[in-house]
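**Student:** what shape does this take:
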Amino acid sequence: MESNLISAILENNILLVQKQIAKDFSPYCSDFPKDFESEIYSIESILSQVKLKLVEIMEVSEQKTLKLLYTIDVAEKRFLETTIKKDVLSNLAEEILKREAQKIYYRIKFS
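**Tutor:** As a prediction, the model looks like this:
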C-alpha cells in the first residue's frame, strides 16, 4: 500500500487507528494516556507514544516484543529491514503505524 494511501487513511480514520494500536499493545505494556482512544493525536504524537511503549516492552522481554509484532502482523521482511537502519525504534514505530492503518482500511473496505 502506498504511503499516500496510508496518509489518507490516517487523516480520515486516525482515532480508529489509535484505538487499534492501544488494543494490540494492551497485553504487552501499560496503558496509553487516558485520552489516546478518545482524542485525535498528531502523527508525530502517535509515533512518540508507540516508541515509548516499544521501549517499555523491549526492556521487559524480547519474546514480548516479537509477540507484539506478530499480533500487529508486521511482516518479517519489514521488521528485518528496520533492524539494519539507523533509527530502529523510529522505523519500527512507523511500520507499526502503517500496518495498523492498513488493518483499519481493510476493515472499512470489506465491511
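**Student:** this protein: helices as residue ranges?
**Tutor:** Listed in chain order, the helices of the chain (DSSP state H) span 3-25, 43-60, 62-72, 76-83, 88-109.
**Student:** point out the one among these that comes closest to Phe32.
**Tutor:** Nearest of the helices of the chain to Phe32, taken as CB to CB: helix 3-25 at 5.0 Å. (Each C-beta comes from the backbone N, C-alpha and C, glycine too.)
**Student:** tell me the mean pLDDT over that closest one?
**Tutor:** In this model, helix 3-25 has a mean pLDDT of 83.
**Student:** which one of the helices of the chain lies closest to Asp35?
**Tutor:** It is, among the helices of the chain and with distance given as CB to CB, helix 3-25, at 9.7 Å.
**Student:** so, low pLDDT: which residues of this protein?
**Tutor:** Per-residue confidence for the chain (pLDDT under 70) gives these ranges: 1-6, 8-10.
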